[in-house]
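**Q** show me the folded form of this:
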Amino acid sequence: MTNRLDNKVALVTGGGSGLGEATCLRFAEEGANVFVSDINLSAARKVAEEISSRGGIAAALEQDVTDEALWDTTIEQIVATAGALHVLVNNAGVAITGNVEEATLADWRTTQAVNGEGVFMGTRAAIKVMKDCGGSIINISSIEGMVGEPNVPAYNYSKGGVRIFTKSAALHCAEQNYAIRVNSIHPGFILTAMVEAGIASMPEAVQAQMQERLQREIPMGSMGEPLDIANGCLFLASDESRYMTGSELVIDGGYTCH
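**A** Alright, predicted model coming up:
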């Protein structure tokens, strides 16, 4: 522990598993007071309990990021409990497979509601309480917001939106002199339960093609781990990234170099 986040209060959405869980654990290791939010409260509690067992400070919150009223309630609860909010990681997300011919409008709208509208509402709510004290908002986009993938058009659309929305919010905060940094992280193919489930839901022939392509096209030769993304979040949450806003932090093993 080097206490890079000492005296900082952080909220991580979708913190009950995958990238969110790894980020919560990493933040706590560096001294942050972590609020773990997830639509699955039992998963959030498990992560918070793990942090507490390691000597960190954490609390679990049940949160559906598509619920506008709940965003204000969640932020208000954090400020009332911890006194401030310094870091928000908009991590909660979904990935529903199906090419442009197969995708349903219902799946499309679900994806945009979680991945897009959730990030918008979270950023807006955080700015309200950060504008007097400053802070860091980290939006988890994806390399799928930078390059296309034929089997996840709704996901591509949502993550591309997060990418450019982040820049808009960053410019607004800078123009208002809020001392709030807003950046996006673009994970590549990371070994999480969501990625594994997404691949497993594909037809066997498509799965085989994807596995072969990943091995061929990731220059570093393998998929990443959640800790790789958590470390990126740590950098953007810390004061080490004080001169970064509206930036894209790509962590993909070199995939998008092609």
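
**Q** need the three-state assignment for residue 35.
**A** The local conformation at residue 35, judged by DSSP: H, G, I helix; E, B strand; the rest coil, is strand.

**Q** quick one, what contacts it?
**A** 9-12, 15, 58-61, 78, 82 (CB atoms under 8 Å, 6 or more residues apart in numbering). Where C-beta positions appear, they are placed from N, C-alpha and C, glycine not excepted.

**Q** just those residues: which are in strands?
**A** By the criterion of DSSP state E, membership of these in strands covers 9-12, 58-61.

**Q** residue 40: neighbour count?
**A** Using other CB atoms under 10 Å as the criterion, residue 40 is surrounded by 14 other residues.

**Q** surely it meets residue 18?
**A** No: with contact defined as CB atoms under 8 Å, residue 40 and residue 18 do not form a contacting pair (11.5 Å).

**Q** how close does residue 94 sit to residue 81?
**A** 28 Å (CB to CB, to the nearest Å).

**Q** quick revisit: reformat the contacts of residue 35 as a markdown table; add distance to residue 159.
**A** Formatted as a markdown table, the entries for those read as follows, by distance: CB to CB, whole Å:
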| residue | distance to residue 159 |
| --- | --- |
| 9 | 27 |
| 10 | 22 |
| 11 | 21 |
| 12 | 18 |
| 15 | 19 |
| 58 | 28 |
| 59 | 29 |
| 60 | 27 |
| 61 | 24 |
| 78 | 26 |
| 82 | 30 |
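
**Q** among these, who's most crowded?
**A** Most surrounded of the contacts of residue 35: other CB under 10 Å gives residue 12, at 35 neighbours.

**Q** contacting residues for it?
**A** If a contact means CB under 8 Å, 6+ apart, then residue 12 has 20, 23-24, 27, 34-37, 89, 91 as its contacts.

**Q** got the residues you listed as JSON lines, with pLDDT and distance to residue 202 columns?
**A** Putting the contacts of residue 12 into JSON lines (pLDDT from 0 to 100; distance: CB to CB, whole Å) gives the following:
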{"residue": "20", "pLDDT": "98", "distance to residue 202": "24"}
{"residue": "23", "pLDDT": "98", "distance to residue 202": "27"}
{"residue": "24", "pLDDT": "98", "distance to residue 202": "29"}
{"residue": "27", "pLDDT": "98", "distance to residue 202": "33"}
{"residue": "34", "pLDDT": "98", "distance to residue 202": "34"}
{"residue": "35", "pLDDT": "98", "distance to residue 202": "35"}
{"residue": "36", "pLDDT": "98", "distance to residue 202": "30"}
{"residue": "37", "pLDDT": "98", "distance to residue 202": "30"}
{"residue": "89", "pLDDT": "99", "distance to residue 202": "28"}
{"residue": "91", "pLDDT": "98", "distance to residue 202": "24"}
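
**Q** which one of the residues you listed sits closest to residue 240?
**A** residue 27 (13.9 Å; CB to CB).

**Q** residues in contact with that closest one?
**A** Residue 27 touches 5, 10, 12, 34, 87, 230, 233-234, 237, counting by CB under 8 Å, 6+ apart.

**Q** return the member of those residues nearest to residue 54.
**A** Of all those, residue 34 has the smallest distance to residue 54: 11.3 Å, by CB to CB.

**Q** next, count neighbours for that closest one.
**A** 31.

**Q** cool, residue 235 as well?
**A** The burial count assigned to residue 235 is 17, neighbours taken as other CB under 10 Å.

**Q** excluding sequence neighbours, find me the nearest residue to it.
**A** Using CB to CB, 6 or more residues apart in numbering and skipping residues adjacent in sequence, the residue nearest residue 235 is residue 241, 5.5 Å away.

**Q** where do the helices sit along the stretch 1-150 of the chain?
**A** With DSSP state H, counting those that start in this stretch as the definition, the stretch 1-150 of the chain shows helices at residue ranges 18-29, 41-53, 68-82, 105-111, 118-130.

**Q** which one of those lies closest to residue 187?
**A** Closest approach to residue 187 among those is made by helix 18-29 (6.8 Å; CB to CB).
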